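A.B. asks: just to be clear, the model below is a prediction. Sequence and coordinates:
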Amino acid sequence: MEPLRHYHLCAPKRYTLPILEAAGGYSLCFMGQKYATEVMYCGRNSGKDGDKIAHCGFTVAHKDGIPYFEEAELVVLCKKSFGTWMTEDNFLDKEVLSACYPEKDFHKLFIGEILEVLTKE
């Protein structure tokens, strides 16, 4: 059976880009409604300006070297298998190009093989 894949985009100005580039894998953490305020905080604040994890009280755990939050209701562990920068030439719909990338600050695209899914019981 073909492995399941996840596609992840990371903006060039993001603090997480060099971290993601250096890592062998990443996780997707679904926190649930209980942590809505903390998730909003993380989305609105950069990790370069402070420790968001400590601010939110999240606990980092690792599985096979991949970090994730213990508080997550669902965790998808992924191994990076591909990474490339998006380019203007690759856009089939040029309207997306002008609407989303007027400054041509394209994302880096990562493809990860889904290794495991963790759930709270």
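C.D. replies: Looks like it came in fine.
A.B. asks: drop to CA atoms for contacts and neighbour counts, all remaining ones
C.D. replies: Will do.
A.B. asks: all the strands of this protein, residue numbers only.
C.D. replies: 5-10, 25-30, 60-63, 66-69, 74-85, 108-119 (DSSP state E).
A.B. asks: figure out which of these is closest to Arg44.
C.D. replies: strand 5-10 (15.5 Å; Cα to Cα).
A.B. asks: please enumerate residues in contact with the closest one?
C.D. replies: Contacting residues not belonging to strand 5-10 are listed as Thr16, Leu17, Cys78, His107, Lys108, Leu109, Phe110, Ile111, Gly112, Glu113, Ile114 [Cα atoms under 8 Å, 6 or more residues apart in numbering].
A.B. asks: of the strands of the chain, which is nearest Cys100?
C.D. replies: It's strand 5-10; of the strands of the chain, that one is closest to Cys100 (Cα to Cα) at 13.1 Å.
A.B. asks: mind listing the strands that closest one pairs with, and their directions?
C.D. replies: Within its sheet, strand 5-10 is paired with strand 108-119 (antiparallel), according to DSSP bridges.
A.B. asks: now the partner strand: mean pLDDT?
C.D. replies: In this model, strand 108-119 has an average pLDDT of 96.
A.B. asks: over to stretch 31-51?
C.D. replies: 93.
A.B. asks: I figured Cys29 was touching Glu70, is that so?
C.D. replies: No. Cys29 lies out of contact with Glu70 (Cα atoms under 8 Å); the separation is 9.0 Å.
A.B. asks: from the chain's centroid, how far away is stretch 109-121?
C.D. replies: Taking Cα atoms, centre = their mean, to the nearest Å, the mean C-alpha location of stretch 109-121 is offset from the chain mean by 11 Å.
A.B. asks: can you redo the strands of the chain as a markdown table with distance to Arg44 and mean neighbour count?
C.D. replies: As requested, the strands of the chain are arranged in a markdown table below (distance: least, Cα to Cα, whole Å; neighbours: other Cα atoms under 10 Å):
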| stretch | distance to Arg44 | mean neighbour count |
| --- | --- | --- |
| strand 5-10 | 15 | 16 |
| strand 25-30 | 17 | 19 |
| strand 60-63 | 20 | 12 |
| strand 66-69 | 18 | 18 |
| strand 74-85 | 22 | 17 |
| strand 108-119 | 20 | 16 |
